[in-house]
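# structure for this input, please:
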Amino acid sequence: MPRQYSIEKTRNIGIIAHIDAGKTTVSERVLFYTGVSHKIGEVHTGDTVMDWMEQERERGITITSAATTAFWTPTYHAAGADHKKWEHRINLIDTPGHIDFTVEVKRSLRVLDGAVVVFDGVAGVEPQSETNWRYADDYKVPRICFINKLDRSGASFEKSFRSIIDRLTPNAIPIQLPIGAESDFKGVVNLLENKAYVFEGEHGEKITEVPIPADMAETVAAHRHDLIEKIAENDDAVMSDYLDGKEISLDDLRKTLRKATIANTIVPVMCGSALKNKGVQFMLDAVIEFLPSPADIPPVKGHDEKTGAEVEIHLVDDAPFTGLAFKIATDPFVGNLAFVRVYSGILKRGSYVYNSTKGEQERVGRIVRMHANDREEVDEIYSGEIAAIVGLKSTTTGDTLCEVGKPPVILEKITFPEPVIGLRIEPKTKADQEKMGVALHRLAEEDPTFRVAGDNETGETIISGMGELHLEIIVDRMKREFNVDANVGRPQVAYKETIMAAADGEGKYIKQSGGRGQYGHAKIHIKPLERGAGFVFLDEIKGGSIPKEFIGPTEKGVKEALDKGILAGYPVVDVEVALYDGSFHEVDSSEAAFKIAGSMAFQDAAAKAKPVILEPIMKIQVIVPDNFMGEVTGNVNSKRGRIESMDDRPGLKVINAKIPLSEMFGYATELRSMTQGRGSFTMEFDHYEPAPNNVAQQIIEGKKR
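Numbers count the residues shown, from 1 in each chain. Model (predicted):
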């Protein structure tokens with residue numbers, strides 16, 4: 001079947017924002033205006049298309065990123081005769097805003113070509129807006145901003161725009177201005193066209209051009225002058241005309257703004273109120289006009305599986321198939337779904353693919369296009385498209401899929417944050433025991449930030465994740481989707497250990513018993529690395545004092561010692577271990593002996609290297625009415641918190657602080673009682689840092705107990 005929409009007429013975009021900025025409401029309006037749904041779903045009534053999970057509808061938040069496909073003809077072409085000629089396909093992913101589900105944002109941005117960043121018109125830039133913006137920067141994703149909720153009391157376009165400039169990027173520039181504010185917000189001025197529009201009809205579907213309000217004429221002229229100047233800076237020919245005082249055509253302005261947006265040198269800022277049906281159609285126009293098609297993105301880089309040489313993958317249909325599995329989901333009706341972004345070639349149903357990350361061949365059972373939780377069967381998908389594959393057994397998040405028989409390449413993997421919180425979990429009955437293992441395995445396959453491990457000392461199962469809500473949802477899903485009842489312990493902080501100084505260590509394992517003995521001897525040097533560097537092992541053996549075949553087992557022994565910890569049994573991180581000397585016995589040396597020697601050498605060195613316990617520090621934003629400010633700041637200080645800044649919002653104070661995670665359990669209840677239920681807070685992981693001595697001592701004693 002031939003391709004229905006050319007690459008140039010395809011957009012792969014994500015909607016990203018802080019929790020409660022209105023992403024899902026924006027997505028629901030997109031589905032309504034593009035004709036995908038005939039009724040607007042609302043988050044507060046629990047009937048949205050994109051938030052389809054029971055847990056999402058009950059809590060009114062997005063938990064998993066939902067994908068759908070819509071079709072849009074820009075409004076300035078809609079009146080034209082050949083409607084189909086201008087129609088574009090938009091593959092849309094609505095992502096979560098809660099920090100516990102940040103993995104969904106990260107993996108979606110890895111495969112998307114553009115993003116719409118939604119901001120609350122009252123709050124402006126919020127903590128999760130910054131985190132998501134950073135992820136988009138990492139993957140160089142072009143963006144447009146949509147300042148939403150301008151109908152709310154206290155909303156300010158100017159203030160929200162300033163927060164984008166101050167905290168995210170100096171490249172932002174408004175291409176629209178709101179007409180009216182708060183309850184009087186009724187339309188927008190398009191600065192490129194120099195025209196004003198209002199939205200009428202039951203769902204704002206009628207867009208009417210009106211004269212620019214007289215009291216806005218000066219502001220509009222000043223903003224339009226700034227916009228044209230900023231656009232002109234991005235093109236020599238346009239700049240030359242601008243300096244010569246010539247009128248620049250609307251077509252040239254659009255083309256140059258598109259080029260600058262794709263290059264990330266301009267971020268267009270728009271405005272509206274999705275709930276009141278204002279501004280979403282123009283946001284869709286901007287997606288088509290200014291965000292890139294897959295053809296506008298530079299070739300993706302990977303490396304050859306065998307030689308490791310860098311390879312460029314060009315987005316063309318007649319190249320060998322290459323795709324990236326960016327998400328695994330469990331579907332109760334079809335089993336495992338692997339969401340795949342195709343970077344080159346065509347993938348056909350029933351064909352075989354080679355998973356170059358795992359080195360295995362897999363069969364593509366079926367290919368489906370997802371519309372939230374509904375599936376549409378297709379025979380093939382083309383380069384630049386996103387779809388889900390049914391039938392892949394070994395593929396996990398971040399794996400590269402290639403055409404069988406062609407030189408295999410491996411695309412850059414997606415890196416995920418480490419879990420910071422754990423829970424002990426046990427099945428309620430014998431029947432639940434077997435089902436629990438299957439359920440946890442499935443859920444861990446879906447979510448790379450969710451880990452399952454056994455505690456060797458107690459034999460209990462420990463699940464770890466990004467926050468209390470994350471683990472609460474996991475346990476809830478186990479119950480509903482897998483019918484597993486479980487008893488859950490109290491949340492525990494995922495502490496880590498590290499060293500603060502360099503040291504040498506020696507491990508000698510000699511065991512003599514009847515027959516052949518055991519002999520392994522290793523000398524190592526360890527030193528601390530910067531936070532987040534992980535574990536590095538260096539082979540510095542000279543002159544064959546340890547044969548090559550025993551170096552791997554020695555490293556394995558060191559790794560096992562890292563997992564067991566030094567002070568309180570928590571994993572050791574950010575350490576470099578150099579194996580520089582040792583000795584072996586012609587007959588008695590074995591891999592097992594050197595593994596034990598490696599472990600002993602590390603324990604010996606670590607004890608001398610000033611070991612410390614690391615605790616996770618969270619970035620907190622607390623929003624409280626003015627009159628509760630003193631009590632809340634005092635409480636933050638009592639939790640070993642560091643207040644970094646304080647901001648004002650109408651009638652509210654915003655406190656930004658860093659607090660150890662161990663002090664934050666039950667904070668929601670505390671804050672409610674301190675503020676008569678009027679305070680709220682958001683929390684996200686920031687970094688690990690050494691725990692103070694008295695706290696470290698308590699942790700060590702608690703672990704011993």
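# point out where the protein drops to low pLDDT.
Applying pLDDT under 70 to the chain flags the ranges 1-3, 36-66, 76-85, 96-102, 331-334, 371-374, 455-459, 513-515, 704-705.
# tell me what the longest strand anywhere in it is packed against?
Assignment by DSSP state E gives strand 611-625 as the longest strand of the chain. Judged by 3 or more C-beta pairs under 8 Å, 6 or more residues apart in numbering; DSSP states H and E, the packing partners of strand 611-625 are strand 496-499, helix 629-638, strand 652-660, strand 680-690, helix 693-704. Just so you know, the C-beta spots here come from the backbone N, C-alpha and C atoms, and that holds for glycine as well.
# which strands border the third one, and is each parallel or antiparallel?
Based on DSSP bridges, the pairing partners of strand 652-660 within the sheet are strand 611-625 (antiparallel), strand 642-649 (antiparallel).
# let me have these in CSV, extended by mean neighbour count.
Compiled in CSV, the strands paired with strand 652-660 are given as follows (neighbours: other C-beta atoms under 10 Å):
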stretch, mean neighbour count
strand 611-625, 21
strand 642-649, 12
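# let me have these in JSON lines, extended by distance to residue 416.
JSON lines is the format used below for these (distance: least, C-beta to C-beta, whole Å):
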{"stretch": "strand 611-625", "distance to residue 416": "15"}
{"stretch": "strand 642-649", "distance to residue 416": "26"}
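# between those strands, which one is nearest to residue 218?
Closest approach to residue 218 among the strands paired with strand 652-660 (C-beta to C-beta): strand 642-649, 27.7 Å.
# who touches the closest one?
With contact meaning C-beta atoms under 8 Å, 6 or more residues apart in numbering, strand 642-649 is reached by 122-123, 154, 623, 633, 636-637, 653-659.
# most neighbours among those residues, which one is it?
residue 123 (24 neighbours; other C-beta atoms under 10 Å).
# name the nearest residue to that residue, ignoring sequence neighbours.
Closest residue to residue 123 apart from its sequence neighbours, by C-beta to C-beta, 6 or more residues apart in numbering: residue 649 at 7.0 Å.
# in JSON lines, list the contacts of strand 642-649 along with distance to residue 409.
Formatted as JSON lines, the contacts of strand 642-649 follow (distance: C-beta to C-beta, whole Å):
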{"residue": "122", "distance to residue 409": "47"}
{"residue": "123", "distance to residue 409": "43"}
{"residue": "154", "distance to residue 409": "52"}
{"residue": "623", "distance to residue 409": "47"}
{"residue": "633", "distance to residue 409": "54"}
{"residue": "636", "distance to residue 409": "50"}
{"residue": "637", "distance to residue 409": "53"}
{"residue": "653", "distance to residue 409": "53"}
{"residue": "654", "distance to residue 409": "47"}
{"residue": "655", "distance to residue 409": "48"}
{"residue": "656", "distance to residue 409": "43"}
{"residue": "657", "distance to residue 409": "45"}
{"residue": "658", "distance to residue 409": "41"}
{"residue": "659", "distance to residue 409": "44"}
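# picking up where we left off before, of the strands paired with strand 652-660, which is nearest residue 264?
Nearest of the strands paired with strand 652-660 (C-beta to C-beta): strand 611-625, 25.1 Å.
# pick the most deeply packed of the helices and strands packed on strand 611-625.
strand 496-499 (a mean of 23; mean count of other C-beta atoms under 10 Å).
# tell me who's in contact with residue 511.
Going by C-beta under 8 Å, 6+ apart, the list of residues near residue 511 reads 517, 518, 519, 593.
# buried among those? Need that as a selection in ChimeraX.
Of these, the buried ones go into a single ChimeraX selection, burial set by 16 or more other C-beta atoms under 10 Å:
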select :518,519,593
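# out of the contacts of residue 511, which is nearest to residue 169?
Distances from residue 169 to the contacts of residue 511, taken by C-beta to C-beta, are shortest for residue 593, at 57.2 Å.
# could you look up the SS state of residue 340?
The three-state label given to residue 340 by DSSP: H, G, I helix; E, B strand; the rest coil is strand.
# wait, it touches residue 325, no?
Yes. Using C-beta atoms under 8 Å, residue 340 is in contact with residue 325, at 5.3 Å.
# now do the shared contacts for the two.
Joint contacts of residue 340 and residue 325 (C-beta under 8 Å, 6+ apart) are 389, 401.
# from residue 621, how far off is the residue nearest to residue 123?
Counting by C-beta to C-beta, to the nearest Å, the gap between residue 649 and residue 621 amounts to 11 Å.
# kindly report the same for residue 19.
Counting by C-beta to C-beta, the separation of residue 19 from residue 621 is 11 Å.
# quickly list what's touching both of the two.
Joint contacts of residue 19 and residue 621 (C-beta under 8 Å, 6+ apart) are residue 682.
# quick test: name the residue nearest the centre of this protein.
In the chain, the residue lying closest to the centroid (C-alpha atoms, centre = their mean) is residue 106, at 2.2 Å.
# restrict the strand or helix carrying that one to CA atoms and write it as PDB.
Counting by DSSP states H and E, the element that carries residue 106 is helix 102-111. Provided in PDB are the C-alpha atoms of helix 102-111 (Å, rounded to 0.1, in the frame of the first residue of the first chain):
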ATOM      1  CA  THR A 102       9.300  11.400  34.100                       C
ATOM      2  CA  VAL A 103      10.500   8.300  32.200                       C
ATOM      3  CA  GLU A 104       7.500   8.700  29.900                       C
ATOM      4  CA  VAL A 105       8.500  12.200  28.900                       C
ATOM      5  CA  LYS A 106      12.200  11.300  28.400                       C
ATOM      6  CA  ARG A 107      11.600   8.300  26.100                       C
ATOM      7  CA  SER A 108       8.900  10.200  24.100                       C
ATOM      8  CA  LEU A 109      11.200  13.200  23.500                       C
ATOM      9  CA  ARG A 110      13.900  10.800  22.300                       C
ATOM     10  CA  VAL A 111      11.800   9.800  19.300                       C
END
